[in-house]
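> pasting a predicted model and its sequence here:
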Amino acid sequence: MRGPHGDEQGAITLEVVDAAHCRVTITLGPQVLHRDYTAVLNGTRVEVSGEAGLVEAAPLPVAPGLGCALLPTAIAGTKLADAGASLHADATGAASGLSWTTRGHAAEVSFTDYAATGGVSYARTVTETLDGAPVLSIHLEGAAPKVFTGGDFALPPPPALPKLKTSGGGQ
């Protein structure tokens, strides 16, 4: 991952139910100093936590309309146009890339080196670029199918909006 401190290596965990429910956790740095960068999608809400500079430098492709775009099977295919995104396929019909715009920057995720585990096909190599520069490169060494439900990705309620102050009617 290319963040505010340059290139960093770490571990990634992808937990996915479908294109509307997932969690991506990236752990960077040595065990005693590790930092987590997490994005959770639960239906129409996303919550991202992590070091601010890292979140800005490498925005994870997890959003309503995109789905969990680090796995081709978890891309929100029917909602991509609403998110201004487009999916590209190779000659075999497998997803080869996804492109969209985030915060005014051209973003793209490419998928290569497909494998299958437990009947599920996945891209073992996933690369994300922002304005053509690589910001995230993932090599998945394996997959362990696990059953999740949408409830496994619960988010706290959104913060309450502040009450509007009313001006006094003094004369």
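Good, I have the coordinates. Every value quoted in this text rests on a predicted model; they were computed, and no experiment measured them.
> CA atoms for contacts and neighbours, from now on please.
Will do.
> now Glu56: which helix or strand?
Taking DSSP states H and E as the criterion, Glu56 maps to helix 52-57.
> could you pull out the strands for this structure?
For the chain, the strands defined by DSSP state E cover 2-3, 6-7, 10-18, 21-28, 35-42, 45-49, 62-63, 67-68, 86-89, 95-102, 105-117, 120-130, 133-139.
> what's across from the residue nearest to the spatial centre of the chain in the sheet?
The centroid of the chain falls nearest to Val62 when counting by CA atoms, centre = their mean (3.0 Å). On the basis of DSSP bridges, Val62 is bridged to Cys68.
> and the gap between it and Phe148?
17 Å (CA to CA, to the nearest Å).
> name the residues that touch the worst-scoring helix or strand of the chain on mean pLDDT?
Sorting the helices and strands of the chain by mean pLDDT, DSSP states H and E puts strand 2-3 at the bottom, at a mean of 74. If you take CA atoms under 8 Å, 6 or more residues apart in numbering as the criterion, strand 2-3 is touched by 8, 53-54, 57-58, 134-136.
> hang on, isn't Thr44 packed against Pro64?
Yes - applying CA atoms under 8 Å, one finds Thr44 in contact with Pro64, separated by 5.3 Å.
> brilliant, that's me finished.
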